[in-house]
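Undergrad: Here you go, sequence then predicted model.
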Amino acid sequence: MSEVADFKVVRNSTVGSQLTEEKAILLAEKMGVRHLKDGELLVKEGATDNTLFVLAQGKLTVTSKDAMGADSIVYNMKEGECAGTRAFVEQTPRKATLRAVGAATVYTLTPKDFEALLDAQPRVAFRVMQALFHVTHSNLSRMNQETKELSNYINKTQGRY
């Protein structure tokens, strides 16, 4: 028997934020579990894998290639956060690389398993999509705020820094 995701972790994650305990159990049953060692690659930028990831335990570093082609740290994920929403929803290649920092446990949800959930439990799938929209909206709002602050800084200092 394969390992099952802990529904309590799923419910407390960004993906499960809209779920009741019962619905979190249903989602957890569809999720895979991956254990990573320190430095182990979860997914590489440009990969066509469309799996959604939820960091259950540990830390992941998110890197992306800069203009010179070198990996640059974009973000350090915390437990409960999800990654790969764009690749999962849009079915497009990855925009970043995810790598474990220390031992980590990641829950996975493939589009195929999500579609099965959509057929069997449409309300659960709807709540997951609401949560993914909320994550995306929060990220966009944060980026807009950072852009505004940067613009204010540049305009007030006439480009001097």
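TA: Now that the structure is in, tell me what you want to look at.
Undergrad: Between the two ends of stretch 38-49, how far is it?
TA: Its first and final residues considered, stretch 38-49 spans 21 Å by C-alpha to C-alpha, to the nearest Å.
Undergrad: Going by length in residues, pull out the top helix of this structure.
TA: The single longest helix within the chain, with elements called by DSSP state H, is helix 122-157.
Undergrad: Quick one: mean pLDDT over that one.
TA: The average pLDDT within helix 122-157 is 79.
Undergrad: what are the bridge partners for the spatially most central residue of the chain, then?
TA: The residue lying closest to the centre of the chain (C-alpha atoms, centre = their mean) is Ala83, at 1.4 Å. Ala83 has the following beta-bridge partners by DSSP bridges: Phe53.
Undergrad: correct me, but Asp49 touches Val43?
TA: Yes - when contacts are counted by C-beta atoms under 8 Å, Asp49 is listed as touching Val43 (5.8 Å). (Glycine included, C-beta is placed from N, CA and C.)
Undergrad: what touches both of those two?
TA: Arg94 (C-beta atoms under 8 Å, 6 or more residues apart in numbering).
Undergrad: who's more crowded, the two?
TA: Taking other C-beta atoms under 10 Å, Asp49 and Val43 do not tie; Val43 has more neighbours (21 against 15).
Undergrad: so how far is the helix or strand bottoming out on mean pLDDT in the chain off the chain centroid?
TA: In the chain, no helix or strand scores lower on mean pLDDT, DSSP states H and E than helix 122-157, which sits at a mean of 79. In terms of C-alpha atoms, centre = their mean, to the nearest Å, the centre of helix 122-157 is set 14 Å apart from its chain centre.
Undergrad: buried set for that helix?
TA: Neighbour counts using 16 or more other C-beta atoms under 10 Å place Val124, Ala125, Arg127, Val128, Ala131, Leu132, Val135 of helix 122-157 among the buried residues.
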